[in-house]
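> Please find the sequence and the predicted model below.
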Amino acid sequence: MICKTTQFLSSFLMLILFLSSSVVNAQDPNGPTGLATTDGTPNQFTLTWDDDPLATGGFNIFIIEGSSGDVYVETVPAGSTSYIYTGTYGSVTVTDGGTYIAKIQALPDGDFNAYADITTTVNATPPMDPDAPTGLALSYNNPNEFTLTWDDDPNATNGFNIFIVQGASGDQYITTVPAGTTSYIYSGVYGSVTVADGNVYTAKIQALPDSDFNAYAELETKTLSNNDVDGVQFSVSPNPANEVVNIQASAKTLNDISKISIYSLTGQLVKESNTFEIEVDHLSSGLYVLSVQDENGNTTTKKFVKN
């Protein structure tokens with residue numbers, strides 16, 4: 001009897017030890033530790049956490065924004081220690097400037113308490129503000145208007161503000177043109193400024209965004225008139241010109257011409273010619289004054305545009 005009792009107690013103790021060992025081996029993980037977030041690439045962030053050998057079932061990944069509640073993302077394998085949040089998860093889209101709760105659950109989680117979370121605001125490096133527009137040039141195709149062109153700038157993601165100035169008018173805001181735009185036609189009335197032949201204006205442009213208000217550039221246009229002035233009657237073609245400009249007039253007028261000069265708008269002599277077909281391919285783009293002098297010393301000027 002004693003032997004049987006001893007044998008029973010021994011078997012019972014072995015069972016208790018086996019069950020205890022099974023419970024220990026099947027212990028659920030705690031909530032993940034060491035949570036941290038990093039970003040640096042636009043519209044995404046990375047969640048990292050400490051590894052946990054008890055998380056044999058991996059980790060459930062969630063995201064929360066505002067009142068969205070837990071939005072399940074996916075389950076990553078055991079041994080994972082990071083997850084990149086990017087794109088859209090249900091009602092939540094990860095974007096720069098957004099605030100989110102990154103939530104993670106270690107598995108298995110028999111009593112549903114192996115959660116941890118961290119709040120993060122995505123502050124990826126914002127786009128660089130553009131510099132002042134470059135490559136400004138003016139062209140004149142129709143009376144009472146002129147066209148401003150400039151180089152494109154991929155950093156000007158919000159487009160360009162267009163202004164005009166005449167005399168003491170100050171900056172007259174006209175419009176904001178979209179990103180990728182590289183030209184604007186000035187024509188008509190802008191506040192106190194009316195675009196008309198024979199006047200002087202400053203075409204002004206601002207690249208956007210411009211957080212420190214220094215992305216401005218401007219170009220002054222002298223007289224816009226392409227009409228003949230008093231004196232020798234002639235025309236210039238083509239206008240605008242690419243490689244050559246031609247002086248066209250009656251035979252008598254051409255015989256009277258003794259000197260041909262081209263000046264910049266600042267009055268600098270840039271070319272002299274003794275022919276009526278003048279090469280201009282070496283000139284920079286912009287507006288020039290072609291001056292013709294007859295044998296009596298009378299001078300007539302005409303404007304042309306070099307593309």
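Yes, it's here.
> All the strands of the stretch 151-300 of the chain, residue numbers only.
160-165, 172-177, 183-187, 189-190, 193-194, 201-207, 216-221, 235-237, 244-248, 257-264, 269-273, 277-279, 286-294, 299-306 (DSSP state E, counting those that start in this stretch).
> To residue 70, which of the ones you listed lies closest?
When these are compared by Cβ to Cβ, strand 172-177 sits nearest residue 70, at 41.6 Å. For every residue, glycine as well, the C-beta is placed using N, CA and C.
> Direction included, what does that closest one pair up with?
When pairs are called by DSSP bridges, strand 172-177 turns out to pair with strand 160-165 (antiparallel).
> Need the contact partners of the strand it pairs with.
The contact list for strand 160-165 (Cβ atoms under 8 Å, 6 or more residues apart in numbering) reads 133, 148, 150, 171-177, 181, 184, 186, 190, 193, 195, 201-208, 218.
> Might you list the low-confidence residue ranges for the stretch 51-200 of the chain?
Scanning the stretch 51-200 of the chain with the threshold set as pLDDT under 70 gives 124-127, 140-142.
> let's see it at 90
Along the stretch 51-200 of the chain, the model assigns pLDDT under 90 to residues 96-97, 123-129, 135-149, 167-168, 196-200.
> Sheet partners, orientation included, of the stretch of helix or strand residue 117 belongs to?
Assigning secondary structure by DSSP states H and E places residue 117 in strand 115-121. Partners of strand 115-121 in the sheet, by DSSP bridges, are strand 99-107 (antiparallel).
> list the buried ones in the partner strand?
Neighbour-count burial for strand 99-107, with 16 or more other Cβ atoms under 10 Å as criterion, is recorded at 100-107.
> between those, which is closest to residue 139?
When the buried residues of strand 99-107 are compared for distance to residue 139, the smallest value, 50.2 Å, is given by residue 100; criterion: Cβ to Cβ.
> Is the closest one in contact with residue 89, as I believe?
No - counting by Cβ atoms under 8 Å, residue 89 is not a contact partner of residue 100; they are 9.8 Å apart.
> follow-up on the earlier one: can you select the buried ones among the contacts of strand 160-165 for me in ChimeraX?
A single ChimeraX command suffices to select whichever of those are buried according to 16+ other Cβ under 10 Å:
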select :133,148,150,172,174,177,184,186,190,193,195,201,202,203,204,205,206,207,208,218
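> quick one: contacts for residue 27?
Taking Cβ under 8 Å, 6+ apart as the criterion, residue 27 is in contact with residue 54.
> Then it would be within a strand, right?
No - under the criterion used here (DSSP: H, G, I helix; E, B strand; the rest coil), residue 27 is coil, not part of a strand.
> Including distance to residue 75, could the strands of the stretch 151-300 of the chain go into a markdown table?
Putting the strands of the stretch 151-300 of the chain into a markdown table (distance: least, Cβ to Cβ, whole Å) gives the following:
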| stretch | distance to residue 75 |
| --- | --- |
| strand 160-165 | 48 |
| strand 172-177 | 47 |
| strand 183-187 | 54 |
| strand 189-190 | 61 |
| strand 193-194 | 65 |
| strand 201-207 | 46 |
| strand 216-221 | 53 |
| strand 235-237 | 74 |
| strand 244-248 | 73 |
| strand 257-264 | 71 |
| strand 269-273 | 73 |
| strand 277-279 | 73 |
| strand 286-294 | 65 |
| strand 299-306 | 66 |
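> Any idea which of those gets closest to residue 71?
Minimum separation from residue 71 across the strands of the stretch 151-300 of the chain (Cβ to Cβ) falls at strand 172-177, 36.9 Å.
> now the closest one against strand 201-207, angle please.
40 degrees (axes from the mean of the first three to the mean of the last three Cα atoms, to 10 degrees).
> Now do strand 172-177 against strand 183-187, angle only.
Interaxial angle of strand 172-177 relative to strand 183-187 (the same axes, to 10 degrees): 140 degrees.
> ok, and what's touching strand 172-177?
Residues beyond strand 172-177 that count as contacts (Cβ under 8 Å, 6+ apart) turn out to be 158-166, 184, 186, 190-193, 208.
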